[in-house]
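> Provided below are the primary sequence and the corresponding predicted coordinates.
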Amino acid sequence: MTTAHPAPDAAHAAHPGAYARLDPSRVLDALDRVGLRGDGRVLQLNSYENRVFQVYLEDGSAVVAKFYRPSRWSDAQILEEHGFALELAQAEIPVVPPLALTADPLVGTDPLTLHGTPPTLATWQADGQTHRFSVSPCRAGRSPELDDAHTLRWIGRFLGRIHAVGTTRPFQHRWTLDVATFGDSARATLLEGEHIPADLREAWRRSCDDALAAVRDAFDRAGPLRRLRLHGDCHRGNVLWTDEGPQFVDLDDAVNGPAIQDLWMLLAGDRHAMTRQLLDLLEGYEDFYDFDWRECALIEPLRTLRMIHHSAWIARRWQDPAFPAAFPWFGTPAFWTHEIQLLRDQLDAMREPPLGSA
């Protein structure tokens, strides 16, 4: 059984304040240490989990620098994600992999350690503070038209290719998407904290327990399923569309799990619309990888796990000043009343026949 929140390397958990105080000057200094000269233009990108910056370089190009949140991933987990991205890129699958980094001995004296083969993760110490970061090429694109059958088949073909690579071996250090890791652990986090109003805690607990029991039953009924390396968070925002087709970005949530996890978040609308979208995705997908149709029964259970896990994610990050500002409604009676209703709705959805069934 996987652990929901594995302990990170101790050296990287010691300075959470440094993470909150990242500013453009510090970002430029970090990139200077690996020979990437910024021209002074730094744009912070929308990311709550990590601190991500688009940095324009003196040579006219641009890169994306990701500074990893302390206490989330260990070095081994980050490098495993990087290795997967590089493996996919080598197979000519359109992902955005990290760049190989090289320390510039002529810049700075602050300790810098590079990790990985090739080295893609840097640990940089400055002013007594430790930062871990990686750098990727900057890619532009637009949101894909997910109501277009041609687009869905195109995305499906590349997802099939991703999974054909992902099935060759499992992650050894990253999480496995299962009820214990994404459901039970999240439930414990929320009940142990003080975010749920006291007069709603019992109602939420009952609804959560009923929902998790239904999720567990759905996994049991599906039987043994293949677990493969996945993108893990393959929603519309992590697929950039270009004239050459899709670009898959942000493998930060890569996990072991069932293939359907990388498909269901691309579906939207009523049952008829989602069925049509799923069939279009799978038409392309099965050109490169065989889909186990039993996994369609996991779409609503996986949606349920994601809902519970998302609430726990906000709770775990609440001490980060960015989170109360971004989610001011979290902890209010209205929010938790709505969450209780959503869990009850999910119980009904999990009783429906799976998408794609007759």
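Nice, I can see it.
> Could you pull out the strands in this structure for me?
For the chain, the strands defined by DSSP state E cover 38-44, 51-57, 62-67, 112-115, 121-126, 129-137, 228-230, 239-242, 245-248, 255-257.
> winner for burial among the ones you listed?
strand 228-230 (a mean of 25; mean count of other C-beta atoms under 10 Å). Heads up, the C-betas are built off the backbone N, CA and C, glycines and all.
> Which strands or helices does that one pack on?
Contact here means 3 or more C-beta pairs under 8 Å, 6 or more residues apart in numbering; DSSP states H and E; on that basis strand 228-230 packs against helix 149-166, strand 255-257.
> Can you list the neighbours in contact with the shortest one?
Residues from elsewhere that reach strand 255-257, judged by C-beta atoms under 8 Å, 6 or more residues apart in numbering: 170-171, 174-178, 227-230, 232, 261.
> Mind giving me the PyMOL command for buried ones among these?
Burial among the contacts of strand 255-257 is assessed by 16 or more other C-beta atoms under 10 Å; the matching PyMOL selection reads:
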select buried, resi 171+174+175+176+177+178+227+228+229+230+232+261
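> What residues sit buried inside stretch 93-105?
For stretch 93-105, by 16+ other C-beta under 10 Å, it's 93, 94, 95, 96, 97, 98, 99, 101, 103.
> Between the two ends of that stretch, how far is it?
34 Å (C-alpha to C-alpha, to the nearest Å).
> so what's the backbone phi/psi at residue 146?
Dihedral pair for residue 146: phi -80, psi 0, per degrees, to the nearest 10.
> isn't it right up against residue 152?
Yes. Residue 146 is within contact range of residue 152, at 6.5 Å (criterion: C-beta atoms under 8 Å).
> Looking at those two, which is more packed in?
When residue 146 and residue 152 are compared for neighbours, residue 152 comes out ahead with 26 against 20, by other C-beta atoms under 10 Å.
> Tell me the spacing between the more buried one and residue 234.
As judged by C-beta to C-beta, to the nearest Å, residue 152 and residue 234 stand 13 Å apart.
> tell me the residue furthest from the middle of the chain?
The centre of the chain is farthest from one residue, residue 106, which by C-alpha atoms, centre = their mean lies 35.9 Å away.
> Quick check: phi and psi at it.
phi -90, psi 0.
> residues in contact with it?
Not one residue lies near residue 106 by C-beta under 8 Å, 6+ apart.
> From residue 123, how far off is it?
From residue 106 to residue 123 the distance is 20 Å (C-beta to C-beta).
> Please apply the same query to residue 53.
Residue 53 is 18 Å from residue 123, by C-beta to C-beta.
> sorry, back to before: tell me the most buried of the helices and strands packed on strand 228-230?
strand 255-257 (a mean of 23).
> I'd like to know which elements the longest helix along the chain is packed against.
Secondary structure of the chain per DSSP state H: the longest helix is helix 198-222. Judged by 3+ C-beta pairs under 8 Å, 6+ apart, helix 198-222 is in contact with helix 179, helix 185-192, helix 299-316, helix 333-351.
> Need the residues that contact the last one.
Defining contact as C-beta under 8 Å, 6+ apart, one finds that helix 333-351 is touched by 196-197, 199-200, 203-204, 207-208, 210-211, 214-215, 218, 300-301, 303-304, 307-308, 311, 329.
> Need the distance between the two termini of stretch 165-173.
Stretch 165-173 has an end-to-end distance of 17 Å (criterion: C-alpha to C-alpha).
> Show the average pLDDT along that stretch.
Averaged over stretch 165-173, pLDDT sits at 97.
> Not counting that stretch itself, show me its contacts.
6, 74, 76-77, 80, 84, 87-88, 91, 93, 226-230, 254-256, 289.
> related to what we said a few turns ago, tell me, what's touching residue 152 and residue 234 both at once?
With C-beta under 8 Å, 6+ apart as the test, residue 152 and residue 234 both reach residue 266.
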